[in-house]
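>>> Pasted the sequence and its predicted model underneath.
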Amino acid sequence: MERYAEITHKNPREILLLRGSGCRWKRCAFCDYHLDFSPDEDANYALNRREIQKVTGKYRKLEVINSGSFVDLDRRTMELLRRTCVEKHIEEIHFECHYIHRGAIRELRQSFAKSGVCVKVKIGVETFDADYRERVLHKGIGEREPARIAEDFDEVCLLFGLRGQTQESMRRDIETGLLYFERVCVNIMVENTTDIRPDPDVAAVFMEKLYPVYRLDERVDILLQNTDFGVGGEEKK
Ligand code: SF4
């Protein structure tokens, strides 16, 4: 699997898809990428070290994803990330985190801040329609208020192309995301092994009505395929 890439447009950064001990929530109805994990900490560290060594620091920003939350990454991987930031003059590192681990974010920020590195944390909210999010998507975010959700987080992921979503609901989600978070990442649902199916009609509405509006917005990333950041697909030789 490709685990290192460069994002050259919008907020240029290097990105790593690392491997941890596994998402501890695992219940999001649309998700099967939490299957990328191993309970073998040594094997995870060996894999992660190989990928981290590819980081050059050329954009001074690094995004780390791991099919779960940063708390699932082993201690040595986290320490190597911190050292790599210092050695490669990286000023900003991004992690992802489920709402249930928000209590660990302050310590994460402090540990990198000691090395002069700013931490940004991204949460997958998928939609600010709390009933849809919890009844259909089983996201596990007990809080309904976007402002409260945003208290510990800097960036938000949204998931579009699902049955029941409309132009208005998707626009509202993006605008709410932009109001309370620094950046928004829109993912379009693709076929996977879960029972949640993409709705091509909803995706078409997004492409026709909203994609042109937000395509060039520097604060909005749009992933039409979940490998569009360059990681998660087949490894290039
Ligand atoms: S928290 Fe993330 S990795 Fe875990 S099940 Fe939900 S979407 Fe998947």
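On my side now, so go ahead. Predicted model, so just to flag it, every value in this text is computed and none were measured.
>>> Get me the contact residues on the chain for the ligand.
23, 25, 26, 28, 31, 34, 67, 68, 98, 124 (C-beta under 6 Å from any ligand atom). Placement of C-beta: from N, CA and C, glycine included.
>>> And the buried ones among those residues, selectable in PyMOL?
Remark: buried members of those, expressed as a PyMOL selection using 16 or more other C-beta atoms under 10 Å:
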select buried, resi 23+25+28+31+34+67+68+98+124
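>>> So which of the residues of the chain next to the ligand are in strands?
residue 124 (DSSP state E).
>>> Give me the buried positions along stretch 182-201.
Buried, per 16+ other C-beta under 10 Å, within stretch 182-201: 183, 184, 185, 186, 187, 188, 189, 196, 198, 199.
>>> Kindly report the same for stretch 3-12.
Buried-residue list, stretch 3-12, by 16+ other C-beta under 10 Å: 3, 4, 5, 7, 11.
>>> try stretch 229-237
For stretch 229-237, by 16+ other C-beta under 10 Å, it's 229, 230, 231, 232.
>>> any idea which of the residues you listed is the one closest to residue 81?
residue 231 (15.6 Å; C-beta to C-beta).
>>> any weak-confidence spans in the chain?
For the chain, applying pLDDT under 70 flags the ranges 236-237.
>>> mind listing the strands for it?
4-7, 13-17, 61-65, 92-96, 118-126, 155-160, 183-188, 220-223.
>>> Of all residues in this protein, which one is nearest the centre?
residue 96 (5.1 Å; C-alpha atoms, centre = their mean).
>>> quick one on the thing from earlier: of the residues of the chain next to the ligand, which pair is most distant in space?
26 and 124 (13.0 Å).
>>> which residues in the protein form helices?
Per DSSP state H, the chain carries helices over the ranges 41-52, 75-87, 105-113, 130-135, 146-149, 167-180, 200-205, 211-214.
>>> Out of these, which is closest to residue 221?
The nearest among those, by C-beta to C-beta, is helix 211-214 at 9.5 Å.
>>> List the buried residues of that closest one.
So for helix 211-214, counting by 16+ other C-beta under 10 Å, buried means 211, 214.
>>> Quick check: which helices or strands does it pack against?
strand 220-223 (3 or more C-beta pairs under 8 Å, 6 or more residues apart in numbering; DSSP states H and E).
>>> so can I have JSON lines of the buried residues of stretch 3-12 showing distance to residue 110?
As requested, those are exported to JSON lines (distance: C-beta to C-beta, whole Å):
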{"residue": "3", "distance to residue 110": "27"}
{"residue": "4", "distance to residue 110": "27"}
{"residue": "5", "distance to residue 110": "29"}
{"residue": "7", "distance to residue 110": "27"}
{"residue": "11", "distance to residue 110": "24"}
